[in-house]
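Colleague: Would you be able to build a 3D model of this:
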Amino acid sequence: MTALVGVAPPRRMNPVRALKHGLTLTGRSLLKVRRNPESLFDVTFQPIIFTVLFVFIFGGAISGDWRSYLQFVAAGLLVQNTIFLTVGTGLSLNNDIDKGVFDRFRSLPIARTGPLVGAVLGDAVPYAISMAVMIAFVAILGFHFAGGFLATLAACLVLLGFASALCWVWVWLGLTMKKPQGVQAAGFPVLILLTFGSNVFVPADTLPGWMQAFVNVNPVKHLVDTVRGLMVGGPIAESLLYVALWAVGLLVVFVPLALRAYRRRT
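Modeller: Okay, the predicted model is just below:
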């Protein structure tokens, strides 16, 4: 068949172009936040509410003094709050699919990963805002950042990296569930188990032996150890290695699953 004159052949997709498409669609995600600033209410008020509830209600009973408990629990609350926010990525994708947004994406000459990467990277900005709010609030309450500014910044970057990897679990769920309620029903019980079944609120060695066995393989435990070690001082090498391995494992497993679900759904 003779090629049509004046029609350029389709450009071959490569990792650089795919990343460019993902970053372009990240801008779309950020534009949605700009046009709908009330969507940031949960990321700004939730960390304050969590801190007030757990520090002032449980602090005296657990540590005898809320100030001492604040020094222990602040890193754990930072982790819990950020991890809870990751479910929103799956909810947002599920809503976009119902509205037909992804049908339009499929008709465009963009990388198949672009819309998904854009959603994950775009949601990293609200996570960062939420972290900044919590860090500022615990500082007002008197939290002592023994590790200093750079160590605290490193803790936030580690947490942000793990949260972005965890997002792909909810991306996959958002693409497989028919309704947002299904994403919530599947996601929040898992997050509650991972966060409360860890060392977020109490030291792991105070838990029953059978629960310690679960906590020791819980990725949230290692994430909290890393963030807490950076913020208040302590060894982090082993826990950071486990966090990195878990993050890589989540990406290796759930990115392909999410892409497969995306092809089937659209």
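Colleague: isn't Val87 right up against Pro189?
Modeller: No: shown here, Val87 and Pro189 do not form a contact pair, counting by C-beta atoms under 8 Å, at 11.1 Å. In this view, the C-beta of every residue, glycine as well, is placed from N, C-alpha and C.
Colleague: nearest residue to Ala204 other than its sequence neighbours?
Modeller: Distances taken as C-beta to C-beta, 6 or more residues apart in numbering place Val215 nearest to Ala204, at 4.9 Å, with adjacent residues excluded.
Colleague: Can you get me a residue count around that neighbour?
Modeller: Val215 has 17 neighbouring residues, counting by other C-beta atoms under 10 Å.
Colleague: hmm, back to that, look at Val87 and Pro189 and report which has more neighbours.
Modeller: The residue with more neighbours, out of Val87 and Pro189, is Val87; 23 against 10, by other C-beta under 10 Å.
Colleague: So which residue is smack in the middle of the chain?
Modeller: What sits nearest the mean C-alpha location of the chain, by C-alpha atoms, centre = their mean, is Ala163, with 2.8 Å.
Colleague: The strand or helix carrying that one packs against which elements?
Modeller: Per DSSP states H and E, Ala163 falls inside helix 148-176. Counting contacts by 3 or more C-beta pairs under 8 Å, 6 or more residues apart in numbering; DSSP states H and E, helix 148-176 packs against helix 66-85, helix 87-98, helix 114-141, helix 180-196, helix 219-232, helix 237-265.
Colleague: what's the least confident stretch among those?
Modeller: Mean pLDDT values for the helices and strands packed on helix 148-176 show the minimum at helix 87-98, a mean of 79.
Colleague: The helix holding Ala163 relative to helix 66-85, how many degrees between them?
Modeller: Angle, helix 148-176 to helix 66-85, by axes from the mean of the first three to the mean of the last three C-alpha atoms, to 10 degrees: 40 degrees.
Colleague: May I see the buried residues of helix 148-176?
Modeller: 151-152, 154-156, 158-160, 162-176 (16 or more other C-beta atoms under 10 Å).
Colleague: quick one on the thing from earlier: so the residue nearest to the centre of the chain sits against Phe84, correct?
Modeller: No: the pair Ala163 and Phe84 fails to qualify as a contact (C-beta under 8 Å) at a distance of 9.9 Å.
Colleague: show me what contacts Val79?
Modeller: Shown in contact with Val79 (C-beta atoms under 8 Å, 6 or more residues apart in numbering): 159, 195, 200, 220, 223-224, 227.
Colleague: so what pLDDT did Gly197 get?
Modeller: 91.
Colleague: what helix or strand is Phe45 on?
Modeller: Secondary structure from DSSP H and E places Phe45 in helix 41-63.
Colleague: What is that helix packed up against?
Modeller: helix 66-85, helix 114-141.
Colleague: Please work out which of those helices is packed deepest.
Modeller: Greatest average neighbour count among the helices and strands packed on helix 41-63 goes to helix 66-85 (a mean of 22), per mean count of other C-beta atoms under 10 Å.
Colleague: Show residues contacting stretch 62-77.
Modeller: Residues external to stretch 62-77 that are found in contact with it (C-beta under 8 Å, 6+ apart): 47, 50-51, 54-56, 58-60, 134, 138, 141-144, 155, 198-203, 224, 227-228, 231-232.
Colleague: how about 6 Å then?
Modeller: Residues outside stretch 62-77 that contact it (C-beta atoms under 6 Å, 6 or more residues apart in numbering) are 50-51, 55-56, 59-60, 138, 141, 143, 200, 224, 227-228, 231.
Colleague: among those, who's most crowded?
Modeller: Val227 (29 neighbours).
Colleague: Would you agree it is in contact with Leu157?
Modeller: No: between Val227 and Leu157 no contact is recorded; they are 10.3 Å apart, counting by C-beta atoms under 6 Å.
Colleague: related to what we said a few turns ago, test my guess that the residue nearest to the centre of the chain contacts Asn81.
Modeller: No: contact criterion C-beta under 6 Å: Ala163 and Asn81 do not qualify, at 10.2 Å.
Colleague: hmm, back to that, adding distance to Asp42, write the helices and strands packed on helix 148-176 out as TSV.
Modeller: Shown next, in TSV, are those (distance: least, C-beta to C-beta, whole Å):
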stretch	distance to Asp42
helix 66-85	8
helix 87-98	8
helix 114-141	8
helix 180-196	13
helix 219-232	20
helix 237-265	23
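Colleague: Nice, that's everything, thank you.
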